[in-house]
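Visitor: no FASTA, just this:
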């Protein structure tokens with residue numbers, strides 16, 4: 001029996017890639033790369049129960065990760081409208097178009113247009129691919145009734161401790177991105193520059209720039225394969241105070257009084273006697289210079305007293 005990833009992807013009508021709660025950068029890069037390598041051939045979604053961190057924004061396609069679980073069902077509800085006022089609800093097909101009719105009870109008005117709220121709920125995925133994680137608590141979505149009959153696959157650097165029947169592609173490695181890169185290559189899935197770049201960043205981050213003891217020669221072989229397929233090494237942008245406009249970074253605790261400016265020492269001008277005389281009489285008084293020997297050292301000679 002063929003248990004390759006491709007043998008599971010091909011017959012699936014809808015695929016859901018699931019990231020664990022509070023995923024690492026490497027796990028997000030791996031899951032997003034797998035999504036991008038399949039999305040052109042299959043109906044596929046990628047889901048994470050927790051919000052993405054700002055540091056993940058450098059990954060290509062990060063906006064494709066959703067916190068909503070699929071769009072299987074369209075739900076319609078009426079906000080601030082008493083349900084007991086409705087007499088009956090019916091539908092009709094008019095020229096191939098679906099029409100829903102809500103009839104209120106006698107004496108009541110129908111729901112207004114601004115009270116209509118439409119949303120989606122549920123998922124119809126028949127193949128679920130779990131990325132990373134250690135046990136079922138990292139994937140609360142597995143308890144969703146819509147996924148009871150779905151096949152579950154797990155990809156990670158260690159086996160998943162799960163009560164569900166899971167087909168595992170887990171094996172030891174430096175990063176989950178390294179494993180996903182190998183699966184994409186083995187199953188002839190799409191490896192374009194976007195996919196390769198995400199995996200390059202995932203391997204670098206997850207292996208601590210190849211400083212992890214789990215790094216093997218195969219890690220460098222996979223990394224070279226990604227670079228040959230257009231993967232780009234994207235350096236992290238380190239922020240410094242100079243990167244922000246003046247006043248953007250607080251310099252004192254919130255609510256504290258501002259630091260008063262240093263006191264200004266007044267400059268006192270000493271008025272000379274000549275300047276004072278001039279101000280008083282209006283007549284310029286010339287400066288009187290001391291004799292030339294005034295500043296010379298003085299030698300005093302004493303007299304002998306007999």
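Guide: Received, thanks. All figures in this text were calculated on a predicted structure; none of them were measured in a lab.
Visitor: looking at this, residue 22 is in a helix?
Guide: No - using DSSP: H, G, I helix; E, B strand; the rest coil, the assignment for residue 22 is coil, not a helix.
Visitor: thought it was touching residue 52?
Guide: No - Residue 22 lies out of contact with residue 52 (CB atoms under 8 Å); the separation is 10.5 Å. C-beta here means a position set from N, CA and C on the backbone, and glycine is covered the same way.
Visitor: what's the straight distance from one end of stretch 68-76 to the other?
Guide: Start and end residues of stretch 68-76 are separated by 17 Å (CA to CA, to the nearest Å).
Visitor: and it, average pLDDT?
Guide: For stretch 68-76, mean pLDDT rounds to 66.
Visitor: Distance check, residue 66 against residue 54.
Guide: 18 Å (CB to CB, to the nearest Å).
Visitor: So residue 22 and residue 52 - more neighbours on which side?
Guide: Set residue 22 next to residue 52 and count neighbours by other CB atoms under 10 Å: residue 52 wins out with 16 against 12.
Visitor: wait, isn't the more buried one in contact with residue 62?
Guide: Yes - assessed by CB under 8 Å, residue 52 is found in contact with residue 62 at 6.2 Å.
Visitor: Can you check which residues contact both of these two?
Guide: Shared contacts of residue 52 and residue 62, defined by CB atoms under 8 Å, 6 or more residues apart in numbering, comprise residue 28.
Visitor: Please identify which of residue 66 and residue 54 sits among more neighbours.
Guide: Between residue 66 and residue 54, counted using other CB under 10 Å, the more crowded position is residue 66 (12 against 7).
Visitor: correct me, but the more buried one touches residue 45?
Guide: Yes - using CB under 8 Å, residue 66 is in contact with residue 45, at 6.7 Å.
Visitor: The helix or strand in which residue 153 is found: partners in the sheet, and parallel or antiparallel?
Guide: Element membership for residue 153, per DSSP states H and E: strand 151-155. Based on DSSP bridges, the pairing partners of strand 151-155 within the sheet are strand 127-131 (parallel), strand 166-168 (parallel).
Visitor: Just put these in JSON lines and tack on mean neighbour count and mean pLDDT.
Guide: Formatted as JSON lines, the strands paired with strand 151-155 follow (neighbours: other CB atoms under 10 Å; pLDDT from 0 to 100):
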{"stretch": "strand 127-131", "mean neighbour count": "26", "mean pLDDT": "96"}
{"stretch": "strand 166-168", "mean neighbour count": "16", "mean pLDDT": "94"}
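Visitor: I'd like to know which of these is closest to residue 39.
Guide: Closest to residue 39 of these, according to CB to CB: strand 127-131, at 12.7 Å.
Visitor: how far does the closest one sit from the chain's center?
Guide: Computed by CA atoms, centre = their mean, to the nearest Å, the chain-centroid distance of strand 127-131 equals 22 Å.
Visitor: Please tell me the pLDDT value assigned to the residue nearest in space to the middle of the chain.
Guide: Nearest to the mean C-alpha position of the chain, by CA atoms, centre = their mean, lies residue 54 at 2.3 Å. You'll see residue 54 listed with a pLDDT of 92.
Visitor: With residue 114 as the reference, measure out to it.
Guide: In terms of CB to CB, residue 54 sits 36 Å off from residue 114.
Visitor: now residue 229
Guide: Residue 229 is 51 Å from residue 114, by CB to CB.
Visitor: Between those two, which has more neighbouring residues?
Guide: Using other CB under 10 Å as the criterion, residue 229 and residue 114 rank with residue 229 on top: 18 against 8.
Visitor: what residues are up against the more buried one?
Guide: For residue 229, the contacting residues are 191-193, 195-196, by CB under 8 Å, 6+ apart.
Visitor: Between those, which sits nearest residue 132?
Guide: residue 195 (17.7 Å).
Visitor: So the closest one, which state does it fall into?
Guide: Residue 195 is classified as helix under three-state DSSP.
Visitor: Go ahead and confirm it touches residue 180.
Guide: No - counting by CB under 8 Å, residue 195 sits too far from residue 180 to count as a contact (9.2 Å).
Visitor: okay, and the common contacts of these two?
Guide: Common neighbours of residue 195 and residue 180 (CB under 8 Å, 6+ apart) are residue 33.
Visitor: quick one, which of the two is more surrounded?
Guide: Shown here are residue 195 and residue 180; by other CB under 10 Å, residue 180 has more neighbours (33 against 28).
Visitor: Now do the same contact list for the residue nearest to that one when sequence neighbours are not counted.
Guide: Of all residues beyond its chain neighbours, the one nearest residue 180 is residue 30 (4.2 Å), with distances taken as CB to CB, 6 or more residues apart in numbering. Taking CB under 8 Å, 6+ apart, we find residue 30 in contact with 131-132, 155, 175-177, 179-180, 199, 202.
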